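J.: structure of the sequence below:
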Amino acid sequence: MALAIALTAFALSFGPAFPPYRWLHAVFPPLAGIRGAVRFGQIVLAAVAILAGFGLAALLRRFPGRASAAAAIVLIVVVNAEAFRAPLGYTPYTGISRLYDLLARTGNDTVVVCFPFYPSASFHLNTPFMLASTRFWKPLVNGYSGFKPASLHINAEALRDFPDARSMARLREIGVTHVVVDSRLMPQASTERIPEFPELQILFVDGYLRLYAFRKY
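T.: Residues are numbered from 1 along each chain as shown. So this is what the prediction gives:
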């Protein structure tokens, strides 16, 4: 049973990439409540732990006495070594720039994008921008969650070489009104090209952060 649970959960963890998942999603309503199918992987780990328990019980029967105690200690060390994740990296919280407070006073039609705009593989690096968005609560193109829509990949590709004609066209298309640039993380050549684009009008500078109004010429 544990093996069947492990194999089933492993297959379901692929989500729509596993063909029967789409059918199950349609006929089994609780499945629609799972935002990230990858979380089925946790069930796989639980089933593997159960199977490991059966294996350990078999070893203890085969090697009684001190040998079994030594085997148990070794297995505990090996299991924890496999799951060891260290050292953990932390980023100290230094506050949120007052630049973002200006966005809180803009209109309801405000749409913000922050640069650099990271591609899908590195999209977690957008989290500092998402934290800053709690100061203004306006739509943020960089926002993400457990689901990555098709627009993410389109935006990442179109905005890859910002600032250029292609990225300007994409910003107009998706209704961006304000652009935040973190010059620390952008190539110097890219930030130096910004004045070449009249669509971007500087509003505020706070150290390495720059806020631009985006004009849709």
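
J.: can you tell me the SS state at the spatially most central residue of the chain?
T.: With distances taken as C-alpha atoms, centre = their mean, H124 lies nearest the centre of the chain, 3.8 Å away. Going by DSSP: H, G, I helix; E, B strand; the rest coil, the secondary structure assigned to H124 is helix.

J.: could you report the pLDDT at it?
T.: Model confidence at H124, given as pLDDT, is 84.

J.: beyond the helix or strand of the chain with the lowest mean pLDDT, next helix or strand please.
T.: Every helix and strand of the chain was ranked by mean pLDDT, DSSP states H and E. The lowest is helix 66-82, at a mean of 83. Going down the chain from helix 66-82, the next helix or strand is helix 99-104, by DSSP states H and E.

J.: give me the domain ranges for this protein.
T.: Here the domain parsing of the chain from automatic domain parsing is 2-82, 99-214.

J.: hmm, A71 and F63 touching each other?
T.: Yes - F63 lies in contact with A71 (C-beta atoms under 8 Å); the separation is 5.7 Å. Quick note: C-beta positions are derived from backbone N, CA and C, even for glycine.

J.: now do the strands in the protein.
T.: Ranges of strands within the chain are 112-115, 178-182, 200-206, 209-214, based on DSSP state E.

J.: what separates the shortest one from the chain centre, distance-wise?
T.: Meaning strand 112-115. Relative to its chain's centre, strand 112-115 lies at 16 Å (C-alpha atoms, centre = their mean, to the nearest Å).

J.: could you give the angle of the longest helix seen in the chain to helix 66-82?
T.: When the chain is parsed with DSSP state H, its longest helix is helix 40-62. Taking axes from the mean of the first three to the mean of the last three C-alpha atoms, to 10 degrees, one finds helix 40-62 and helix 66-82 inclined to each other by 160 degrees.

J.: could you report the neighbour count for L171?
T.: Residue neighbour count, defined by other C-beta atoms under 10 Å, stands at 24 for L171.

J.: equivalent analysis for L209, please.
T.: For L209, the neighbour count with other C-beta under 10 Å is 18.

J.: what's the answer for the one 5 residues further on, then?
T.: A total of 20 residues lie near F214 under the criterion other C-beta under 10 Å.

J.: cool, L88 as well?
T.: Look at L88: counted by other C-beta under 10 Å, it has 5 neighbours.

J.: L59 reaches A70, doesn't it?
T.: No - between L59 and A70 there is no contact under C-beta under 8 Å: 10.6 Å.
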